[in-house]
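> model the structure of this input:
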Amino acid sequence: MGKGATSLVFFGLNQRNERVVIKKVDSRREAEQESDILRSLPVHKHIITCLDFFVDEHKGYIVLEYHEGGRLGHYKKGIIHDQELAVQITINILKGLKVIHQHGILHCDITPHNILICNDDPKTVKIIDFGSAVRTNDSGEYIGNHRGATRWYRPPELKKQNHFFTANINYCSDIYSAACVCLYLLTGFAPYRKKQACKQIPNQKLQKVLRKATRKYKLKRYQSAQEFIDALLPFS
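Numbers count the residues shown, from 1 in each chain. Below is the predicted model:
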């Protein structure tokens, strides 16, 4: 079905002969961590559901629900979406993130490649691939093994040189990435230069909203997924 840096993804069938997806991860420990994070989340229409986990020959296998459709887009170049559709897709990504954040988890790699969608229908948006996700411990510190997020969509605090430092990240990090996905949908290109990408948005008010969401400093961004949703609603 596909492959990532450390995994292969297969179609499969469960005992009821229903289609599922099986993600084979090279590292058993990383597979266990990802499956634990997924299984700690409630079933939600905008988050992929983990059905099972098993180990075979020292490899970890995560069994996931099958979702019709494909990726929202590739990393660098996609198609331009009209404003209403692009914003509604982004809002539904943020609805999924809101639930993820409420359970003390940061995704840390929101990109068009990690969002599934069926036939450009925003109602079918699903967040996938929690391999870089981190969660809070009892002290409120984020622990995990994030990989620095994907270029063009990562906020400044998730640069590769900060690979093992999770103290600098919070909900605003995922919000920044979601705003970059919105820019990608509106312009058709990965927003390598955020200010220039924002200037391509015809609607000046929406441009202002996306500029705030992609500020360099976290405190100048929207502070929660719901706050960003409220700012986007007039454009959906």
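> give the buried residues for the one helix or strand Leu94 maps to.
Using DSSP states H and E, the element containing Leu94 is helix 83-102. Neighbour counts over helix 83-102 (16 or more other Cβ atoms under 10 Å) mark 83, 86-101 as buried. C-beta coordinates here come from the backbone N, C-alpha and C atoms, glycine included.
> stretch 62-74 now?
Of the residues in stretch 62-74, those buried (16+ other Cβ under 10 Å) are 62-64, 67, 71-73.
> tell me the domain ranges of the chain?
Using automatic domain parsing, the domains assigned to the chain come out as 2-65, 70-235.
> next one: the first one to chain centre, how far?
The chain centroid and the centroid of domain 2-65 are separated by 16 Å under Cα atoms, centre = their mean, to the nearest Å.
> mind checking the end-to-end distance for it?
Taking Cα to Cα, to the nearest Å, the first and last residues of domain 2-65 lie 15 Å apart.
> average pLDDT across that domain?
Averaging pLDDT along domain 2-65 gives 92.
> for Phe53, name its beta-bridge partners.
Note on Phe53: beta-bridge partners Ile62, judged by DSSP bridges.
> okay, which residue is most central for this structure?
Ile110 (2.7 Å; Cα atoms, centre = their mean).
> and it, helix, strand or coil?
With DSSP: H, G, I helix; E, B strand; the rest coil as the basis, the three-state label of Ile110 is coil.
> Ser177 is in contact with that one, correct?
Yes: assessed by Cβ atoms under 8 Å, Ile110 is found in contact with Ser177 at 3.8 Å.
> so what sits against both of these two?
Residues touching both Ile110 and Ser177 (Cβ atoms under 8 Å, 6 or more residues apart in numbering): Tyr153.
> and stretch 35-48, what's buried?
35, 37-38, 41, 46-48.
> how about the residue lying closest to Gln226 once chain neighbours are set aside, what does it touch?
Excluding the flanking residues, the one nearest Gln226 by Cβ to Cβ, 6 or more residues apart in numbering is Lys98, at 5.9 Å. Lys98 sits next to 224-226, 229 when contact means Cβ under 8 Å, 6+ apart.
> what distance do you get for Lys98 to Tyr61?
To Tyr61, Lys98 is 29 Å away according to Cβ to Cβ, to the nearest Å.
> what's the answer for Phe53, then?
7 Å.
> which one's more surrounded, those two?
Just comparing Phe53 and Tyr61: by other Cβ atoms under 10 Å the higher neighbour count belongs to Tyr61, 20 against 17.
> so what's the more buried one up against?
Going by Cβ under 8 Å, 6+ apart, Tyr61 touches 22-25, 31, 53-55.
> just the residues you listed: which are in strands?
In strands, defined here by DSSP state E, the members of these are 22-25, 53-55.
> and Arg211, what element?
Assigned by DSSP H and E, Arg211 belongs to helix 204-213.
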